[in-house]
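Visitor: quick one, structure for this:
(one chain, ligands or ions: 1)
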Amino acid sequence: MNSAPSEPLYQLRQVSKVYNGRQTLAVDGLEIARGEVLALVGPSGAGKSTLLRLLNFLEEPTAGTIRFDGQSYSAGQGVPLRARRRVTTVFQRPVLLQRTVEANVAYGLRLRGGRQTADLAQRVARTLEEVGLTAMARAPARTLSGGEAQRVALARAMVLAPDALLLDEPTANLDPYNVGLIEQIVQRLNREQGATIVLVTHNVFQAHRLATRVALLLEGRIVEVAGAERFFTRPQDPRTAAFVRGDMVY
Ligand code: ADP
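Guide: As a prediction, the model looks like this:
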């Protein structure tokens, strides 16, 4: 069932989303390669989170087709649960269970893992190590700082080894130290495990630090998508240039 590794993980064609009669998103075409970090930037209300929800198959597009790992899903077919299970989103504000750190990380794995739970404890321990929370494994999640809680949320997503990890403003509420830690984890995940990552961020500096490619969304449309270097130094569209300069008010 899996497609050739050279085929992009995602291919979107004429994908749109309408809420209450208003078109929120209209993506004519977008490909996301395996193993890339794609940053989605743009002002608030541009449709970035809506696009992430479609990429996670949490909602259906109003029209169009999303091809994911060699299989096409078209509007009107219902949300494909099989595809949804292979993608995970980390949101801006983590919602943790009132249990220990390790129980939080194990929870999703247990839900998705079915019979493959034999090595669960080991996988949880390894993932906690990757996010630097081994010492807090038995701590109640409610005692964590915001940065630690976000690292638990990241660990909870990572332990599932998703085909795509979607990050929706994952560091928006954090102090610089924790922003740095989260960025290091994301970079390692991408470089060492080849994870495909889509990152929504307001922060162009963060996009610069992490992304392979950057896409600017404005009013639901992709204005420009380019390699990070070109996006920041030689943008083709004047609106991208304005955004990169910080001239765009949002
Ligand atoms: P961004 O993430 O770029 O800030 P969003 O994707 O959250 O943008 O929102 C884009 C637009 O779609 C906004 O105008 C928002 O109010 C609207 N929108 C998003 N989700 C819904 C929804 N579930 N119902 C109605 N309108 C929505």
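Visitor: ok, for the residue most central in space within the chain, nearest residue in space, not its chain neighbours?
Guide: The chain has residue 166 as the residue nearest its centroid, 1.2 Å off, counting by C-alpha atoms, centre = their mean. In space, and not counting its chain neighbours, residue 166 is closest to residue 89: 4.2 Å by C-beta to C-beta, 6 or more residues apart in numbering. Every C-beta, even on glycine, is put in place using the N, C-alpha and C of the backbone.
Visitor: OK, contacts around the one you found?
Guide: 52-53, 56, 58, 157, 165-168 (C-beta atoms under 8 Å, 6 or more residues apart in numbering).
Visitor: rewinding a little: isn't the residue nearest to the centre of the chain up against residue 90?
Guide: Yes - counting by C-beta atoms under 8 Å, residue 166 touches residue 90, with 7.3 Å between them.
Visitor: buried ones in the longest helix seen in the chain?
Guide: Secondary structure assigned by DSSP state H gives helix 176-193 as the longest helix of the chain. Across helix 176-193, burial judged by 16 or more other C-beta atoms under 10 Å covers 178-179, 181-183, 185-186, 189-190.
Visitor: just the buried residues of the helix or strand bottoming out on mean pLDDT in the chain, please?
Guide: Every helix and strand in the chain was compared by mean pLDDT, DSSP states H and E; the lowest is helix 101-113, with a mean of 87. For helix 101-113, the neighbour count (16+ other C-beta under 10 Å) marks 101-107, 109, 113 as buried.
Visitor: tell me the helices and strands packed up against the helix or strand just after that helix.
Guide: Using DSSP states H and E, the helix or strand that follows helix 101-113 in sequence is helix 120-130. Helices and strands touching helix 120-130, by 3 or more C-beta pairs under 8 Å, 6 or more residues apart in numbering; DSSP states H and E, are helix 101-113, helix 146-158, helix 176-193.
Visitor: what is the orientation angle of the second one with helix 120-130?
Guide: Translated: helix 146-158. 140 degrees (axes from the mean of the first three to the mean of the last three C-alpha atoms, to 10 degrees).
Visitor: angle of helix 146-158 against helix 101-113?
Guide: Angle, helix 146-158 to helix 101-113, by the same axes, to 10 degrees: 20 degrees.
Visitor: now the helices for this structure?
Guide: 48-55, 81-84, 101-113, 120-130, 146-158, 176-193, 204-210, 228-233, 238-245.
Visitor: so which of those helices comes closest to the ligand?
Guide: Of all those, it is helix 48-55 that lies closest to the ligand, at 3.3 Å by C-beta to the nearest ligand atom.
Visitor: what is the distance between the closest one and the centre of its chain?
Guide: Its chain's C-alpha centre and that of helix 48-55 lie 9 Å apart, by C-alpha atoms, centre = their mean, to the nearest Å.
Visitor: got it, and stretch 132-142?
Guide: That offset, for stretch 132-142, works out to 24 Å (C-alpha atoms, centre = their mean).
Visitor: okay, that stretch in CSV with CA atoms only?
Guide: Presented in CSV, the C-alpha positions along stretch 132-142 are these (Å, rounded to 0.1, in the frame of the first residue of the first chain):
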residue,chain,number,x,y,z
GLY,A,132,14.9,15.5,28.6
LEU,A,133,12.2,14.5,31.0
THR,A,134,13.5,11.1,32.4
ALA,A,135,13.9,12.5,35.9
MET,A,136,10.2,13.6,35.9
ALA,A,137,8.7,10.4,34.6
ARG,A,138,6.8,9.8,37.8
ALA,A,139,5.9,13.4,38.5
PRO,A,140,2.2,14.3,38.3
ALA,A,141,1.6,16.2,35.0
ARG,A,142,-0.1,19.1,36.9
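Visitor: got a list of contacts for that stretch?
Guide: Contacts of stretch 132-142 (C-beta under 8 Å, 6+ apart): 96-104, 124-125, 128, 144, 148-149, 151-152, 155, 181.
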